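In: need a structure here:
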Amino acid sequence: MTTEIACPFCHFSKKLPEKKIPANAKRAICPQCNQKFEIFHLDKETRPSAEEEGLNRGLNEVGQKSGEEPIRNGAPWENRSETGFAQGTYGTIKETLFSPTTFFRGLTFNNGIREPLAFGLLVGAVGNMFGIFWPVLMMSGGLFPFGEAIFGHLTVGLIFLVIVVAVPVCVTLSLFIYIAIIHLLLMIVGGGKNRFEATFRVVAYSQAAQAWDLIPVVGSWIGGIWQLIIQVIGLREIHNISYLRVFMAFLLPVGFLFFVIMAALVPLFIYLAQ
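Out: The predicted structure is shown next:
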């Protein structure tokens with residue numbers, strides 16, 4: 001059974017499966033005019049489509065306040081067959097960068113890793129290519145010391161070819177290794193409650209921050225910080241855990257490294273003191 005949700009202000013309406021609407025939800029936020037309104041129910045049977053997502057994300061805010069499990073759907077990227085490749089890519093990048101809380105709160109973690117992997121490889125590879133290409137271009141142009149000696153004998157075309165071949169492979173390997181480590185750390189602190197796929201989706205879609213690499217020099221710095229913030233927010237929302245657990249997971253390697261260093265230095269200090 002489905003229920004039709006209709007906005008009384010702009011008359012936007014969409015039919016949603018009843019099981020996806022939080023039981024205690026009384027109001028919704030229209031994705032078209034951003035007005036809050038009472039939910040009206042009209043029971044009819046229909047097949048849900050990708051256009052439900054905007055209204056679902058509005059209902060997520062109501063579900064979050066009522067303590068119910070939020071409505072979860074795929075990212076715009078996963079519905080690009082209906083909205084178009086450009087719109088699906090742009091919509092996912094925009095929501096991930098500027099509305100990560102809403103995006104990950106309404107992101108499903110039961111549709112497999114193929115789609116987020118494709119998005120992560122595409123955006124991550126392109127972003128990393130530019131992140132590497134700008135410094136190489138500047139060094140080969142003599143803007144940095146020793147740049148001419150290192151890259152002077154290479155053409156821009158050859159450098160770009162090497163980047164195109166090497167970067168996708170490196171992005172793929174680093175993506176899987178990094179996600180495995182992050183999920184293991186979350187499990188250690190009791191935060192990986194929605195399994196590996198949920199963590200995978202957060203990290204893969206956080207590659208949208210690599211879009212900042214299109215900006216020369218400072219873009220990679222901005223993208224790296226932005227991506228870390230997105231991952232913290234995303235892991236908190238998709239696993240429905242506290243920020244404390246997320247911070248603990250990220251800080252565990254730092255604490256372990258500190259312990260190893262101290263374990264090596266203390267005996268050394270004792271030896272020197274003797």
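In: hang on, P116 packs against T199?
Out: No - counting by Cβ atoms under 8 Å, P116 stays clear of T199, with 10.6 Å between them. (C-beta placed from N, C-alpha, C; glycine too.)
In: Which neighbours do these two have in common?
Out: Listed contacts common to P116 and T199 are nil; contacts here mean Cβ atoms under 8 Å, 6 or more residues apart in numbering.
In: What ranges does the protein have for its helices?
Out: 53-66, 80-83, 85-98, 100-105, 114-140, 147-151, 156-188, 195-205, 219-239, 243-273 (DSSP state H).
In: Mean pLDDT and mean neighbour count added to those, as a markdown table?
Out: Output for those, formatted as a markdown table (pLDDT from 0 to 100; neighbours: other Cβ atoms under 10 Å):
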| stretch | mean pLDDT | mean neighbour count |
| --- | --- | --- |
| helix 53-66 | 52 | 21 |
| helix 80-83 | 85 | 14 |
| helix 85-98 | 93 | 18 |
| helix 100-105 | 92 | 22 |
| helix 114-140 | 80 | 19 |
| helix 147-151 | 51 | 14 |
| helix 156-188 | 83 | 15 |
| helix 195-205 | 94 | 23 |
| helix 219-239 | 92 | 19 |
| helix 243-273 | 87 | 12 |
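In: Any idea which of those helices gets closest to F12?
Out: When the helices of the chain are compared for distance to F12 using Cβ to Cβ, the nearest one is helix 53-66, at 7.7 Å.
In: neighbours of G192, just the number please.
Out: When neighbours are counted by other Cβ atoms under 10 Å, G192 registers 21.
In: who touches it in this structure?
Out: 183, 186, 198-199, 239.
In: center of the chain - which residue?
Out: Nearest residue to the geometric centre of the chain (Cα atoms, centre = their mean): S206, 2.6 Å.
In: can you pull the contacts of that residue?
Out: S206 neighbours (Cβ under 8 Å, 6+ apart): 96, 227, 230-231, 234.
In: re earlier: turn the helices of the chain into JSON lines, columns for distance to C7.
Out: Listed next are the helices of the chain as JSON lines, based on distance: least, Cβ to Cβ, whole Å:
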{"stretch": "helix 53-66", "distance to C7": "8"}
{"stretch": "helix 80-83", "distance to C7": "20"}
{"stretch": "helix 85-98", "distance to C7": "20"}
{"stretch": "helix 100-105", "distance to C7": "18"}
{"stretch": "helix 114-140", "distance to C7": "29"}
{"stretch": "helix 147-151", "distance to C7": "57"}
{"stretch": "helix 156-188", "distance to C7": "38"}
{"stretch": "helix 195-205", "distance to C7": "28"}
{"stretch": "helix 219-239", "distance to C7": "25"}
{"stretch": "helix 243-273", "distance to C7": "33"}
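In: Any idea which of those gets closest to L16?
Out: Nearest of those to L16, taken as Cβ to Cβ: helix 53-66 at 6.9 Å.
In: coming back round to it: and the helices of the chain: which comes nearest K15?
Out: Comparison of those against K15 by Cβ to Cβ identifies helix 53-66 as nearest, at 9.6 Å.
In: I'd like the contacts of S206 laid out as a markdown table, including distance to F176.
Out: Below are the contacts of S206 laid out as a markdown table (distance: Cβ to Cβ, whole Å):
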| residue | distance to F176 |
| --- | --- |
| T96 | 20 |
| Q227 | 16 |
| I230 | 19 |
| Q231 | 15 |
| G234 | 17 |
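In: so, if you compare the residues you listed, which one comes nearest to I132?
Out: Of all the contacts of S206, I132 sits closest to Q227, with 16.2 Å by Cβ to Cβ.
In: quick one: that closest one from A211, how far?
Out: Applying Cβ to Cβ, to the nearest Å, the value for Q227 to A211 is 10 Å.
In: hang on, the earlier thing: next up, the contacts around the closest residue to the residue nearest to the centre of the chain other than its chain neighbours.
Out: Leaving aside its chain neighbours, S206 sits nearest to I230 (4.4 Å; criterion: Cβ to Cβ, 6 or more residues apart in numbering). I230 makes contact with 96-97, 100, 202, 206, 208-209, according to Cβ under 8 Å, 6+ apart.
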